[in-house]
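> Fold the following.
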Amino acid sequence: MLIKTVDLWKTYTVGTETIHAVQGVSVEIEKGEYVAIMGPSGSGKSTLMNLIGCLDSPTRGEYHLNGRRVSAMSDDELAYIRNKEIGFVFQTFNLLPRASALHNVELPLIYNGTSSGERIRKAKEALKTVDLEDRMTHRPNELSGGQRQRVALARALVNNPALILADEPTGNLDTATGAEIMELFGRLHREGNTIIIVTHERDIAIYADRIFYLRDGKVEKEEDVRHIKNSGN
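Residues are numbered from 1 along each chain as shown. Presented below is the predicted three-dimensional model:
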């Protein structure tokens, strides 16, 4: 089991108001699965993504990643998990504007102390995986939106993480480019990667195999959508 959450809660206090952003979520995701977390704005999907991505800690409940109980880890331990175990892809790309595509992809390896030669080798390999090896010297402003998202995806892949976590990865892309990026996610999944997509759009969510629907911080339902993909609809 790659991911297991047990009665996961995240509660915030804003003034005199208590907000239960995530309420008692229990999910299990196997290694190699492709899962979407879907829900409207305010449903708790971004908060749940932050908990799964070790960007935040739960108020109560347990979260196990790769057999390790990360819900009880220190900030330093969580930082290590984020760097080594999880590759992040964001809606806004989060690339360094003055750095080349190659250097942007290298960043997670710089943070964990990988040697220069090994960093460059791995970064080039990751860019080749997303079909962008001919753009490695270009800066983000010299790339299209789709190419920038491919750089972000290469950066997510460079550490060979246990999990790729993508937050609205097509949100800043046109429909055709978004479809290309989702096809790339599908290829990476077929190659054995575990992927979680967070989205509010069903036409993006159905690229996955399973969808968890969130509403008011709770998993409202779960749907297996493989039959939809297999039927070609």
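
> what are the C-alpha coordinates of the longest helix seen in the chain, in PDB please?
In the chain, taking DSSP state H as the definition, the longest helix is helix 175-190. The C-alpha coordinates for helix 175-190 follow below in PDB (Å, rounded to 0.1, in the frame of the first residue of the first chain):
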ATOM      1  CA  THR A 175      -8.000  22.600 -24.200                       C
ATOM      2  CA  ALA A 176      -5.700  21.000 -26.800                       C
ATOM      3  CA  THR A 177      -2.500  21.600 -24.800                       C
ATOM      4  CA  GLY A 178      -4.200  20.300 -21.700                       C
ATOM      5  CA  ALA A 179      -5.200  17.100 -23.500                       C
ATOM      6  CA  GLU A 180      -1.500  16.700 -24.600                       C
ATOM      7  CA  ILE A 181      -0.400  17.000 -21.000                       C
ATOM      8  CA  MET A 182      -3.000  14.500 -19.700                       C
ATOM      9  CA  GLU A 183      -1.900  12.100 -22.400                       C
ATOM     10  CA  LEU A 184       1.700  12.500 -21.100                       C
ATOM     11  CA  PHE A 185       0.400  11.700 -17.600                       C
ATOM     12  CA  GLY A 186      -1.300   8.600 -19.000                       C
ATOM     13  CA  ARG A 187       2.000   7.400 -20.600                       C
ATOM     14  CA  LEU A 188       3.900   8.000 -17.300                       C
ATOM     15  CA  HIS A 189       1.300   5.900 -15.500                       C
ATOM     16  CA  ARG A 190       1.600   3.100 -18.000                       C
END
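
> Run the angle between the next helix or strand after that helix and helix 175-190 for me.
Counting by DSSP states H and E, the next helix or strand C-terminal to helix 175-190 is strand 195-199. Strand 195-199 and helix 175-190 are oriented at 150 degrees to each other (axes from the mean of the first three to the mean of the last three C-alpha atoms, to 10 degrees).

> Each with direction, which strands does strand 195-199 pair with?
Next to strand 195-199 in the sheet, as set by DSSP bridges, lie strand 34-38 (parallel), strand 163-167 (parallel).

> Other residues contacting that strand?
If you take C-beta atoms under 8 Å, 6 or more residues apart in numbering as the criterion, strand 195-199 is touched by 29, 33-38, 45-46, 48-49, 52, 163-170, 185, 188-189, 204-205, 207-208. For glycine as for every other residue, the C-beta is placed from the backbone atoms N, C-alpha and C.
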